[in-house]
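Enquirer: Mind looking at a prediction? Sequence and model below.
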Amino acid sequence: MEYLKKVERALIVSIPILMDDSSLKIFEGYRVHHSTLRGPAKGGIRYSPDVTLDEMKALAFLMTFKTSLLNIPMGGSKGGVCVDTKDLSKRELERLTRRYTAEIINMIGPDIDIPAPDMYTDSTTMAWIMDTYSMQKGRTIPGVVTGKPLEIGGSIGRIEAPGTGMYYILDHLCQKLNYDLTKMKVVIQGFGKVGSNVAKQLCDRSCNIIAVSEKEGGIYSPDGLDINEISTWKQKGNLLKDYEGKDITHITNKELLSTKCDVLIPAAVENQIYSKNADKVECNIILEGANSPTTSQADAILNEKGVIIVPDILANSGGVLVSYFEYIQDIHSYFWGLDRVNREMKNILIKTFEDVYELSKKRHTSLRTSAFAIGAKRLAKAHELRGLFP
């Protein structure tokens with residue numbers, strides 16, 4: 001436990017960028033390795049004005065436990081740049097990404113640390129990172145990042161993976177509890193990469209999604225929303241707060257989290273459910289799509305209320321799994337079809353869920369405590385077997 005309280009290494013870098021108007025701006029970036037006990041580190045890169053070193057440390061810690069829980073041979077890392085991407089042109093964003101990559105180049109690599117997309121980064125960002133790294137090394141190295149475009153070593157199913165994985169887990173949980181998922185009312189906070197994909201997965205299976213939101217606000221309909229129509233609206237660059245339709249009510253994020261439903265999916269940012277609003281949450285199941293959307297104080301309140309919480313390190317781990325599959329495919333230069341990607345993902349997720357569920361019943365603990373216990377046990381065993389250097 002003492003070992004896991006600290007990160008292995010953390011890098012802070014300055015990123016000077018020549019803007020389109022020829023002015024100079026200097027941004028600050030980070031890359032953190034929490035643990036490489038079980039293999040090379042794995043973790044996303046986010047661009048956000050809220051990025052801090054402490055946040056990167058916390059998220060890297062979660063990645064360590066996520067990879068350990070899934071029993072894949074990797075550790076945990078996280079990185080980011082403190083920047084508002086809305087203020088940058090595409091060329092400025094590319095220059096920022098390439099300079100950031102050059103600054104952290106000794107921290108990343110297929111056998112060191114494999115980044116992936118996170119908040120406000122995507123497959124294009126990963127392509128720039130891969131190209132910059134490859135140019136510095138003098139050869140093409142697709143395995144340095146995951147979440148790349150298919151044409152340069154990406155994996156089919158990677159973009160949809162978090163949402164697909166969340167659907168697999170929710171469906172399996174409902175079967176265990178004898179719930180009919182198609183008759184349950186679902187609320188989703190966050191309509192970005194994770195939220196919109198899980199919404200589509202549920203919608204395609206005739207689930208009733210009654211509310212969705214994003215940073216600027218959300219929409220609610222007691223009879224259910226047309227997710228395909230809303231997704232099309234969003235793809236045109238529109239905001240949910242401007243969406244109009246039959247029986248549509250505009251709501252705030254605060255109102256969304258207190259909307260009565262069967263399943264609440266917080267898929268936005270961390271610390272959304274906390275001590276002051278946890279008692280207003282009215283649902284049977286919380287499926288955590290975001291990283292750390294629930295604080296420890298809120299967790300205790302919700303457990304007392306009997307709410308079943310599927311923790312982030314399990315619920316949203318489909319993306320990490322398919323990133324791992326992409327890494328394997330890049331190394332072998334042999335790529336899988338979508339059926340195999342989803343089959344392999346589902347098998348691992350369901351087995352992991354069963355392990356967590358059975359331990360929670362045996363020890364009379366929450367799913368979160370059981371998930372962390374399993375991850376910690378594997379990390380402890382790796383630490384014991386490797387010993388302490390020197």
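Expert: Cool, the structure landed.
Enquirer: what residues are up against residue 153?
Expert: 130, 142-143, 326, 329-330 (CB atoms under 8 Å, 6 or more residues apart in numbering). Placement of C-beta: from N, CA and C, glycine included.
Enquirer: Between those, which sits nearest residue 189?
Expert: The closest of the contacts of residue 153 to residue 189 turns out to be residue 326 (CB to CB; 27.8 Å).
Enquirer: how close does the closest one get to residue 276?
Expert: Note on residue 326: its distance to residue 276, by CB to CB, to the nearest Å, is 40 Å.
Enquirer: can you check residue 382 too?
Expert: Separation of residue 382 from residue 276 (CB to CB): 39 Å.
Enquirer: In terms of neighbours, single out the busier of the two.
Expert: residue 382 (16 against 11; other CB atoms under 10 Å).
Enquirer: Do I have it right that that one meets residue 39?
Expert: No. Contact criterion CB atoms under 8 Å: residue 382 and residue 39 do not qualify, at 9.2 Å.
Enquirer: What is the most widely separated pair among the contacts of residue 153?
Expert: 130 and 329 (14.2 Å).
Enquirer: between these two, who's got more neighbours?
Expert: The neighbour count for residue 130 versus residue 329, taken as other CB under 10 Å, is higher for residue 130 (25 against 21).
Enquirer: Quickly run through the sheet partners of the longest strand belonging to the chain, with directions.
Expert: When the chain is parsed with DSSP state E, its longest strand is strand 24-35. Neighbouring strands of strand 24-35 in its sheet, by DSSP bridges, are strand 9-18 (antiparallel), strand 76-81 (antiparallel).
Enquirer: I'd like the next helix or strand past it.
Expert: Downstream of strand 24-35, the next assigned helix or strand under DSSP states H and E is strand 41-47.
Enquirer: And that next one, what does it pack against?
Expert: strand 24-35, helix 53-70, strand 76-81, strand 113-117, helix 123-137, helix 318-332 (3 or more CB pairs under 8 Å, 6 or more residues apart in numbering; DSSP states H and E).
Enquirer: Tell me which of those is the most buried.
Expert: Comparing the helices and strands packed on strand 41-47 by mean neighbour count (mean count of other CB atoms under 10 Å), strand 76-81 ranks first with a mean of 30.
Enquirer: now the helix or strand following that one, how far from the centre of its chain.
Expert: Using DSSP H and E, the helix or strand that follows strand 76-81 in sequence is helix 90-103. Remark: helix 90-103 is offset 22 Å from the chain centroid, using CA atoms, centre = their mean, to the nearest Å.
Enquirer: Please enumerate residues in contact with helix 90-103?
Expert: Contact with helix 90-103 is made by 11, 13-20, 27, 29, 47, 81, 83, 85, 88, 108, 125, 128-129, 131-133, 136, as judged by CB under 8 Å, 6+ apart.
Enquirer: quick one: buried residues of that helix?
Expert: 92-101, 103 (16 or more other CB atoms under 10 Å).
Enquirer: any idea how far residue 66 lies from residue 38?
Expert: Note on residue 66: its distance to residue 38, by CB to CB, is 12 Å.
Enquirer: One more: residue 170?
Expert: In this view, residue 170 and residue 38 are 28 Å apart by CB to CB.
Enquirer: Those two: which is more packed in?
Expert: Comparing residue 170 with residue 38 by other CB under 10 Å, the one with more neighbours is residue 170, at 24 against 21.
Enquirer: Let me see the mean pLDDT of the host helix or strand of the more buried one.
Expert: According to DSSP H and E, residue 170 maps onto helix 161-177. Confidence for helix 161-177, expressed as mean pLDDT, is 93.
Enquirer: Residue 242: how many residues sit nearby?
Expert: For residue 242, the count of nearby residues is 11 (other CB under 10 Å).
Enquirer: Show the model's pLDDT score for it.
Expert: 83.
Enquirer: tell me the domain boundaries of this structure?
Expert: 9-152, 161-315 (automatic domain parsing).
Enquirer: Now distance to residue 338 too, for the ones you listed, in JSON lines please.
Expert: As requested, the domains of the chain are exported to JSON lines (distance: least, CB to CB, whole Å):
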{"stretch": "domain 9-152", "distance to residue 338": "11"}
{"stretch": "domain 161-315", "distance to residue 338": "10"}
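Enquirer: Compare the mean pLDDT across the ones you listed and name the weakest.
Expert: Ranked by mean pLDDT, these bottom out at domain 161-315, which scores a mean of 90.
Enquirer: Please compute how far that one lies from its chain's middle.
Expert: Worked out by CA atoms, centre = their mean, domain 161-315 lies 15 Å from the chain centre.
Enquirer: End to end on that domain, go ahead and measure it.
Expert: Terminal residues of domain 161-315 lie 11 Å apart, using CA to CA, to the nearest Å.
Enquirer: cool, and stretch 214-228?
Expert: End-to-end distance for stretch 214-228, by CA to CA: 16 Å.
Enquirer: Would you mark the buried spots in it?
Expert: Those would be 214, 217-221, 224-225, 227, for stretch 214-228 by 16+ other CB under 10 Å.
Enquirer: Same check on stretch 139-150?
Expert: Quick answer for stretch 139-150 (16+ other CB under 10 Å): 141-148.
Enquirer: Residue 239: which of these is nearest?
Expert: Using CB to CB, residue 147 comes nearest to residue 239 of the buried residues of stretch 139-150, at 25.3 Å.
Enquirer: my read: the closest one touches residue 158, true?
Expert: Yes. Between residue 147 and residue 158 there is a contact at 5.7 Å, judged by CB under 8 Å.
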